[in-house]
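**Q** Here is the input, now give the coordinates:
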Amino acid sequence: MGGVNSVSRTKSGPVGANLFAVRSHNTALVLDLLRGAGTAGISRLELAERTGLTPQAVSKITARLREAGFAAEAGRRASTGGKPRTVLRLVPEAGHAVGVHLDRDELRAVLVDLDGAVVGERGAALDLGGGARAVLGVVAGEVSGLVGEVLGGHGASGGLSGGLAGVGSLLGVGVALPGPLDHARGVLHRVTGFPEWDGFPLRDALVERLGVPVVVDKDTNAAALGLSVGVCGGAGAGREGGEGGSFAYLHLGTGLGAGLVIGGNVHRGVRTGAGEFGHQVVQLDGPACECGNRGCVEVLCLGAVARGEVREAARVLGVGAGNLVGLLDIDLVLLGGRTVAGAPEVFVEGVAEVLAARARREGVAGRVPVRVVGGERVVAEGAAQLLLAPVFGRAVG
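**A** Next comes the predicted model:
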């Protein structure tokens, strides 16, 4: 995240760069515990016990966090001996991140605080095939307008002139959109249906426009990340699966993809191309798909929906989900996206029935739960976690 430290501190409050300045593995451990403690707070002694750090190390870390504005006193707690202990809490408003979901026909942007709570939201129509210049203009306008509305600066219509580098608490912007793409370099590949984006350096182009760190990832990976840390739609999938659990998030909207969490971490693959779930072929010589293959799960699902055959779409999605469960032996299947939101019960029942039938045939004990999660903001909230999760020691790949 180059360029973060060029942002200077202002009198209006802590700058996003300050958090990166105090970041380390140990600091992340402390911040994560402070966040988990909520408004009740946690004492330095408890922080030392739960992190394995010495009391002296914890004192130094918390002193730096307090100086930078990211931790504050939350009162005092009775001690078993000696004077009452001071407890500390996270200051959620000390840092913010923007999450942007670029769909094929719309944009949704959210501003979240360090707790992951949404404090602002905007949306706009978008034509992903309208060319890079037009798309970048919409993204920059909506992001700067959102930040201006909530954190100060120019009004919503004009956004923030000169980029966002002067906004005190802003850590950066996470952008999620259909793949395939190179998450590590922020470069798009042949986005399904929009081959003209192939090779476009979206991350660098947005950094130049916005003046703050930008992270780019697939929409399904972003959603899976947010779900794994329990911020999207209150799902808490990571908690349900247990520490190091695994689940698949299947997103059926204008397209179909999967976000995979294995061992508690988002799985992207060596070339960051994992999760192209929608383009597994399940019907040889089936209808042509925009990816160039025939009989993909995506084209069959969306085709059935277009014909009004939602139960058939759910069955096809279940077949794809069954292949995934059989391959990875995951704990949980989560469904989301605007198409699923149109008939959530039908999709849950259809996918669950296919998985249950597969388990009976194979003599597998136990049932893989299927649930609908999130809502219209699930991807955008997850995109914001691309910036926030590393601050709290959560790997994003």
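**Q** Show me the shaky parts of the chain.
**A** Confidence mapping of the chain against pLDDT under 70 gives the ranges 1-23, 78-82, 153-162, 231-244, 397.
**Q** Quick one: the helices in it, in order.
**A** Taking DSSP state H as the criterion, the chain contains helices spanning 16-21, 25-37, 44-51, 55-68, 132-151, 202-210, 219-228, 237-240, 297-306, 310-328, 338-341, 344-362, 378-391.
**Q** For the last one, output the C-alpha coordinates as CSV.
**A** Coordinates of the C-alpha atoms in helix 378-391 are reproduced here as CSV (Å, rounded to 0.1, in the frame of the first residue of the first chain):
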residue,chain,number,x,y,z
VAL,A,378,-22.7,-7.6,1.2
VAL,A,379,-20.1,-7.1,-1.5
ALA,A,380,-19.4,-3.4,-0.8
GLU,A,381,-19.0,-4.1,2.9
GLY,A,382,-16.6,-6.9,2.1
ALA,A,383,-14.7,-4.6,-0.2
ALA,A,384,-14.1,-2.2,2.7
GLN,A,385,-12.6,-5.1,4.7
LEU,A,386,-9.9,-5.4,2.1
LEU,A,387,-8.5,-2.4,3.8
LEU,A,388,-9.6,-3.0,7.4
ALA,A,389,-8.9,-6.8,7.8
PRO,A,390,-5.1,-6.4,7.7
VAL,A,391,-5.2,-3.7,10.3
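**Q** could we number from 22 for the rest of this?
**A** Sure, I'll start counting at 22 from here, so that last one is helix 399-412.
**Q** Centre of the chain to that helix, how far?
**A** Between the mean C-alpha point of helix 399-412 and the mean C-alpha point of its chain there is a distance of 4 Å (Cα atoms, centre = their mean, to the nearest Å).
**Q** Please apply the same query to the fifth one.
**A** Between the mean C-alpha point of helix 153-172 and the mean C-alpha point of its chain there is a distance of 19 Å (Cα atoms, centre = their mean).
**Q** Now do that helix against helix 223-231, angle only.
**A** Taking axes from the mean of the first three to the mean of the last three Cα atoms, to 10 degrees, one finds that helix 153-172 is oriented at 60 degrees with respect to helix 223-231.
**Q** most tightly surrounded among the helices of the chain?
**A** Burial of the helices of the chain is given as mean neighbour count (mean count of other Cβ atoms under 10 Å); helix 240-249 ranks first at a mean of 32. To be clear about C-beta, it is placed using only N, CA and C from the backbone, and glycine gets the same treatment.
**Q** on contacts alone, who are the packing partners of that one?
**A** Using 3 or more Cβ pairs under 8 Å, 6 or more residues apart in numbering; DSSP states H and E as the contact criterion, the elements in contact with helix 240-249 are strand 117-123, strand 191-198, helix 258-261, strand 268-273, strand 277-283, strand 286-287, helix 399-412.
**Q** Compare those and give me the one nearest His46.
**A** When these are compared for distance to His46 using Cβ to Cβ, the nearest one is helix 399-412, at 10.8 Å.
**Q** name the helices or strands packed onto that closest one?
**A** Applying 3+ Cβ pairs under 8 Å, 6+ apart, one finds that helix 399-412 makes contact with helix 46-58, strand 117-123, strand 127-134, strand 191-198, strand 235-239, helix 240-249.
**Q** With distance to Leu271 as new columns, can these be given to me in CSV?
**A** Conversion of those to CSV gives the following (distance: least, Cβ to Cβ, whole Å):
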stretch, distance to Leu271
helix 46-58, 28
strand 117-123, 16
strand 127-134, 19
strand 191-198, 15
strand 235-239, 13
helix 240-249, 8
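**Q** So which of the ones you listed is nearest Trp218?
**A** Comparing the helices and strands packed on helix 399-412 against Trp218 with Cβ to Cβ, the closest turns out to be strand 191-198 (9.0 Å).
**Q** helices and strands around the closest one, which ones?
**A** Secondary structure elements in contact with strand 191-198, counted by 3+ Cβ pairs under 8 Å, 6+ apart, are helix 37-42, strand 117-123, helix 153-172, helix 223-231, strand 235-239, helix 240-249, helix 399-412.
**Q** do you know which of those lies nearest Ala58?
**A** Nearest to Ala58 among those is helix 399-412; the distance by Cβ to Cβ comes to 16.0 Å.
**Q** Compute the inter-axis angle for that closest one and strand 277-283.
**A** Using the same axes, to 10 degrees: helix 399-412 against strand 277-283 is 30 degrees.
**Q** Return the angle between stretch directions for helix 399-412 and strand 191-198.
**A** Regarding helix 399-412 and strand 191-198, their directions subtend 140 degrees when assessed with the same axes, to 10 degrees.
**Q** before we move on, back to that, of all the helices of the chain, which lies closest to Asp134?
**A** From the helices of the chain, taking Cβ to Cβ, the stretch that ends up closest is helix 399-412, at 9.0 Å.
**Q** got the angle between the closest one and strand 235-239?
**A** Using the same axes, to 10 degrees, helix 399-412 lies at 130 degrees relative to strand 235-239.
**Q** Just want the angle from helix 399-412 to strand 117-123.
**A** On the basis of the same axes, to 10 degrees, helix 399-412 is oriented at 140 degrees to strand 117-123.
**Q** No further queries at this time; thank you.
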